[in-house]
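Chemist: Fold the following and give me the result.
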Amino acid sequence: MCSEPDAAPENVTAVSKTFSSIDVSWEPVPKAKQNGIIIKYEVEVRKEVNVSGVWDYHANISTENLSVVVQNLTMFVKYGIAVRAYTRKGPGPLSNTTSLMTLETGKAFMKYHNNGST
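Modeler: Just a heads-up that it's a prediction; the model follows:
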């Protein structure tokens, strides 16, 4: 029987390597919580000062990939990143939000990892 996933993708990680892009990666929803075949992932990114709740970046990612490079972001801005999985019945819950600040020009990269705690 197929339904929406009961859990979000795990271990969402974001790495800022340039002033305008970040690498986002995650692990699949645990098998017991998938409730069917995962058909895609959705990655959502928004500026943390964005109180409207509207996502600044939204992408649907093939299940062949567990990562995406998000480009055209604003330099030295803090973003929130979340990922969810879909079955043919619909979306599962969003992951906990991982926070990340894009780089200033010439700075070393920063890495943030959401360990599942809130």
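Chemist: Flag the shaky bits of the chain, pLDDT-wise.
Modeler: Residue ranges of the chain with pLDDT under 70: 50-53, 106-118.
Chemist: Paired strands for the top strand by length along it, with orientation please.
Modeler: For the chain, the strand with the greatest residue count under DSSP state E is strand 78-87. Strand pairing for strand 78-87, using DSSP bridges, gives strand 40-47 (antiparallel), strand 90-91 (antiparallel), strand 98-101 (antiparallel).
Chemist: contacts for the first one?
Modeler: By C-beta atoms under 8 Å, 6 or more residues apart in numbering, the residues outside strand 40-47 that reach it are 9, 22, 24, 26, 53-63, 65-66, 68, 70, 73-74, 77-86, 91, 94. C-beta coordinates here come from the backbone N, C-alpha and C atoms, glycine included.
Chemist: and Pro30, what is it in contact with?
Modeler: By C-beta under 8 Å, 6+ apart, the contact list for Pro30 reads 7, 10.
Chemist: give me that answer again for 7 Å
Modeler: Ala7 (C-beta atoms under 7 Å, 6 or more residues apart in numbering).
Chemist: Tell me which of the strands paired with strand 78-87 lies nearest to Pro5.
Modeler: strand 90-91 (7.7 Å; C-beta to C-beta).
Chemist: quick one: contacts of that closest one?
Modeler: The contact list for strand 90-91 (C-beta under 7 Å, 6+ apart) reads 4, 42, 84.
Chemist: quick one: the second one and Gly92, what's the gap?
Modeler: The span separating Glu42 from Gly92 equals 10 Å under the rule C-beta to C-beta, to the nearest Å.
Chemist: With Glu10 instead?
Modeler: 12 Å.
Chemist: What of Glu27?
Modeler: To Gly92, Glu27 is 14 Å away according to C-beta to C-beta.
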